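**Q** Make a model of this:
(one chain, ligands or ions: 2)
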Amino acid sequence: MAMSVKNEKLNKWIREVADMCQPESVYVCNGTKEEYDLMMAKMIAGGSATPLKKRPGSYLFRSDPSDVARVEDRTYISTSSREEAGPTNNWVNPTELKETMKGLYKGCMKGRTMYVIPFSMGPIGSPISKIGVEISDSPYVVCNMHIMTRVSSRVMELLDAGEDFIPCLHSIGAPLAPGQEDVQWPCAPIESKYISHFPEENLIWSYGSGYGGNALLGKKCLALRIASAMARREGWMAEHMLILRLTNPEGKQYHIAAAFPSACGKTNLAMMRPTIQGWKCECIGDDIAWMKIGPDGRLYAINPENGFFGVAPGTSYDTNPMAMDTVRENVIFTNCALTDDGDVWWEGMTDEVPPHLIDWKGRDWTPHSREDAAHANARFTAPASQCPVICKDWENPNGVPIDIFIFGGRRNSVVPLVFEAYDWDHGVFLGATAASETTSANIGAVGNLRRDPFAMTPFCGYNMGDYFRHWLDMGDRLGKNAPRIFYVNWFRKSPEGMFLWPGFSDNSRVLKWMCERIDGRVEAQKTPIGFLPAEGDLDLAGLDISPEIMKELMRIDTDAWAAEIPDIRAHFAKFGNRLPERLAVQLEALRRRLE
Ligand code: OXD
Ligand code: MN
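**A** Ligands and ions are numbered 1, 2, ... in the order given. Have a look, this model is predicted:
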């Protein structure tokens with residue numbers, strides 16, 4: 001099979017990997033439905049996929065309990081110097097890391113098929129798109145890549161015509177000895193998992209995990225870590241952002257890109273149904289934005305992905321009806337619970353809890369069981385084209401012009417519902433100091449506060465100090481065409497621990513205010529932290545919320561803000577002389593304003 005590949009670099013790479021990993025056979029993927037169905041049929045026969053009677057073309061997988069999320073501790077940015085990777089990334093020098101990983105890769109695909117997956121991130125042939133080729137020994141990865149990226153023989157044709165590609169090597173790290181029976185979710189133990197990136201040579205090596213971002217290498221590894229490093233070299237942006245189009249009652253369109261840390265509701269916002277009269281919201285992407293300055297000097301964004309890899313728990317017809325409709329068919333579910341009639345279920349999906357389920361570990365489950373039925377990071381992999389509110393321009397190769405950037409996170413207290421940056425530098429400061437309480441999308445403690453600049457901490461493929469500078473440079477280049485920058489917190493709680501803001505569809509009220517700000521229709525209050533909505537400017541029509549609660553949502557506790565200063569200072573100090581002076585100036589200005 002590999003012999004038919006005409007691209008010389010690809011051919012050589014396939015041979016080298018096959019020599020090293022020693023698979024039983026090599027298969028070059030073409031992305032067809034037949035291929036997907038064949039792969040699924042094999043996984044059903046092998047017992048790892050469960051077809052769902054209630055959802056056409058859909059399957060449930062259960063991972064190994066040790067392999068349920070991205071492994072940030074085992075993720076490396078391997079540049080020639082540690083300084084280049086910066087203080088927020090794990091680093092080992094490339095020679096050493098490659099030696100270690102070659103030891104692991106040696107013979108690691110024995111008894112398995114090695115799949116060669118040619119894919120495009122972004123519409124095939126778009127000037128913003130990039131081609132990748134993933135080599136993987138996991139048929140689960142092949143099927144997920146079919147949904148999440150554009151896998152197709154057209155990509156292979158571009159490669160055959162000499163187009164370059166980003167090599168993404170993946171192995172689950174579980175060779176099979178002759179006659180050895182396979183397990184349901186083969187993977188390697190945590191201490192031999194490696195998710196490695198070599199940004200100086202646009203190369204990805206992943207070993208030992210079969211889950212999500214560790215294994216579907218087009219997503220976090222290519223479209224964020226490698227792409228962010230390429231973007232800085234080439235003068236564009238690769239960001240952890242949803243993209244949506246909002247249309248006002250007069251038909252004016254606004255394009256918004258928003259960065260929130262993992263599991264903070266990007267998918268919900270991207271597919272939101274506005275509660276405000278006459279406004280329409282359409283989804284362009286829910287996780288990643290690639291942005292370039294267009295011929296008119298504005299910033300244009302595409303979603304490089306082809307599907308949604310969304311967090312299932314908490315998704316319901318109340319919280320995200322459009323996601324629920326997206327996942328009715330042709331979906332891969334991972335680590336959800338199985339109902340007795342052949343459907344999936346997860347915590348928060350329905351008010352009524354089924355009396356009996358098979359939980360994500362394959363055990364009988366009842367409402368009396370001590371553990372959740374679905375894993376907190378259970379996921380759905382669904383084609384973006386199935387989303388009822390997918391924007392007709394979501395595959396426009398030229399992208400959509402961004403008007404508004406939003407940053408935010410999950411903060412119980414301190415941060416008000418919304419405020420606007422004074423200007424670009426202040427906005428970059430807000431992005432650079434964004435903080436959130438941690439969630440289950442990454443392995444580690446849940447609920448600690450962490451600074452997560454631009455929601456990119458786990459995804460920036462180079463020194464974060466240089467990344468801040470890149471943002472400032474982009475602003476200088478964009479000048480008056482730069483998007484306006486806002487900061488939001490949907491998660492502020494009362495002293496009793498209740499969420500103050502209803503969120504979800506009602507977040508449209510906040511987005512409307514942003515649009516009115518950029519149109520100059522509303523004045524704002526200047527405060528020490530930024531511009532806040534003037535009283536009465538947030539459209540609350542039809543919302544049952546008391547003036548006291550609104551006051552609390554918008555309250556600026558200057559003492560609490562002042563108390564953040566030392567934390568921000570310590571956060572900035574990590575970047576040493578790579579921290580742009582303009583951000584230090586912003587911190588000092590905030591300190592003075594709070595005095
Ligand atoms: C994701 C994440 O899967 O950010 O999108 O973890
Ligand atoms: Mn994400």
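
**Q** The closest residue to ligand 1 within the chain: neighbour count?
**A** When distances are taken as Cβ to the nearest ligand atom, the chain approaches ligand 1 most closely through Ser262, which lies 3.2 Å from it. All C-beta spots, glycine's among them, are computed from the backbone N, C-alpha and C. Here the count is done by other Cβ atoms under 10 Å, and Ser262 has 24 residues near it.

**Q** can I assume it sits in a helix?
**A** No - Ser262 is assigned coil when assessed by DSSP: H, G, I helix; E, B strand; the rest coil, not a helix.

**Q** How many residues are close by the closest residue to Ala432 other than its chain neighbours?
**A** The shortest distance from Ala432 to any residue that is not its chain neighbour, by Cβ to Cβ, 6 or more residues apart in numbering, is 4.8 Å, and that residue is Pro453. Residues lying near Pro453 (other Cβ under 10 Å) number 24.

**Q** Start and end of stretch 88-95, how far apart?
**A** Distance between the two ends of stretch 88-95: 21 Å, counting by Cα to Cα, to the nearest Å.

**Q** Might one say that the residue nearest to Ala432 is in contact with His470?
**A** No - the pair Pro453 / His470 is not scored as a contact, 12.0 Å apart, by Cβ atoms under 8 Å.

**Q** tell me the SS of Phe419?
**A** Following three-state DSSP, Phe419 is assigned to strand.

**Q** What's the local residue count around the residue of the chain found nearest ligand 2?
**A** When distances are taken as Cβ to the ion, the chain reaches nearest to ligand 2 at Asp287, 4.4 Å away. If you count neighbours by other Cβ under 10 Å, Asp287 ends up with 26.

**Q** Over to Gly427?
**A** By other Cβ under 10 Å, 24 other residues sit near Gly427.

**Q** pLDDT value on it, please?
**A** If you check Gly427, the pLDDT there is 98.

**Q** Spit out the contact partners of it.
**A** For Gly427, the residues meeting the contact criterion (Cβ atoms under 8 Å, 6 or more residues apart in numbering) are 405, 407, 421, 475, 484-485.

**Q** Let's see that with 10 Å instead.
**A** Contacts for Gly427 (Cβ atoms under 10 Å, 6 or more residues apart in numbering) come out as 405, 407, 420-421, 471, 475, 482-487, 530, 586.

**Q** mind listing which of the residues you listed are in strands?
**A** The members of these that map onto strands under DSSP state E are 405, 407, 420, 484-487, 530.

**Q** which of those has the most neighbours?
**A** Phe405 (29 neighbours).

**Q** who does the residue nearest to Tyr59 when sequence neighbours are not counted bridge with?
**A** Of all residues not flanking Tyr59 in the chain, Ala49 sits nearest, at 4.4 Å (Cβ to Cβ, 6+ apart). Assessed by DSSP bridges, Ala49 has beta-bridge partners Phe61.

**Q** now Ala49: how far from Phe165?
**A** Using Cβ to Cβ, to the nearest Å, one gets 29 Å for the distance from Ala49 to Phe165.

**Q** Mind naming the longest strand for the chain?
**A** When the chain is scanned for its longest strand (criterion: DSSP E), the result is strand 113-121.

**Q** what angle sits between the following helix or strand past it and strand 113-121?
**A** Taking DSSP states H and E as the definition, the helix or strand that follows strand 113-121 towards the C-terminus is strand 130-136. In terms of direction (axes from the mean of the first three to the mean of the last three Cα atoms, to 10 degrees), strand 130-136 departs from strand 113-121 by 160 degrees.

**Q** So for strand 130-136, mean pLDDT?
**A** Per-region confidence: strand 130-136 scores 98 on mean pLDDT.

**Q** and what of stretch 485-496?
**A** 95.

**Q** hmm, who's touching stretch 552-562?
**A** When contacts are defined by Cβ under 10 Å, 6+ apart, stretch 552-562 is touched by residues 413-419, 489-490, 492-495, 500-501, 525, 527-530, 532-533, 535, 538, 545-546, 563, 590-591, 593-595.

**Q** just the buried members of those?
**A** Judged by neighbour count, with 16 or more other Cβ atoms under 10 Å as the criterion, the buried members of those are 414-419, 489-490, 492, 500-501, 529-530, 532-533, 538, 590, 594.

**Q** what about Asn214, which SS state?
**A** Classification of Asn214 using three-state DSSP returns helix.

**Q** picking that back up, what strands line up against the longest strand of the chain, and which way round?
**A** Based on DSSP bridges, the strands next to strand 113-121 in the sheet, each with its direction, are strand 25-28 (parallel), strand 130-136 (antiparallel), strand 150-151 (antiparallel).

**Q** still on that earlier bit, tell me if I'm right that the residue of the chain closest to ligand 1 and His240 touch.
**A** Yes - counting by Cβ atoms under 10 Å, Ser262 touches His240, with 8.3 Å between them.

**Q** So which residue is smack in the middle of this protein?
**A** Against the mean C-alpha coordinate of the chain, by Cα atoms, centre = their mean, the closest residue is Asp287 at 4.0 Å.

**Q** Quick check, that one in contact with Ile243.
**A** Yes - with contact defined as Cβ under 10 Å, Asp287 reaches Ile243; the gap is 9.5 Å.

**Q** hang on, the earlier thing: any idea how far Gln184 is from the residue nearest to Tyr59?
**A** Taken as Cβ to Cβ, the spacing of Ala49 relative to Gln184 amounts to 10 Å.

**Q** Any chance you could list residues touching both of Pro453 and His470?
**A** In terms of Cβ under 10 Å, 6+ apart, Pro453 and His470 are both contacted by the residues 428, 460.

**Q** contacting residues around the nearest residue to Glu239 once chain neighbours are set aside?
**A** Nearest non-adjacent residue to Glu239, counting by Cβ to Cβ, 6+ apart: Ala289, 4.9 Å away. Under the criterion of Cβ under 10 Å, 6+ apart, the neighbours of Ala289 are 223, 237-243, 257-259, 299, 301-304, 399-400, 402, 405.

**Q** Next, Val142: phi, psi?
**A** In this entry, Val142 is assigned phi and psi values of phi -60, psi -50 (degrees, to the nearest 10).

**Q** burial count for it?
**A** Using other Cβ under 10 Å, the number of residues around Val142 comes to 24.

**Q** Tell me which residues touch it, please.
**A** By Cβ under 10 Å, 6+ apart, the contact set of Val142 is 27, 29, 31, 35-36, 39-40, 43, 113, 115-117, 134, 136, 151.
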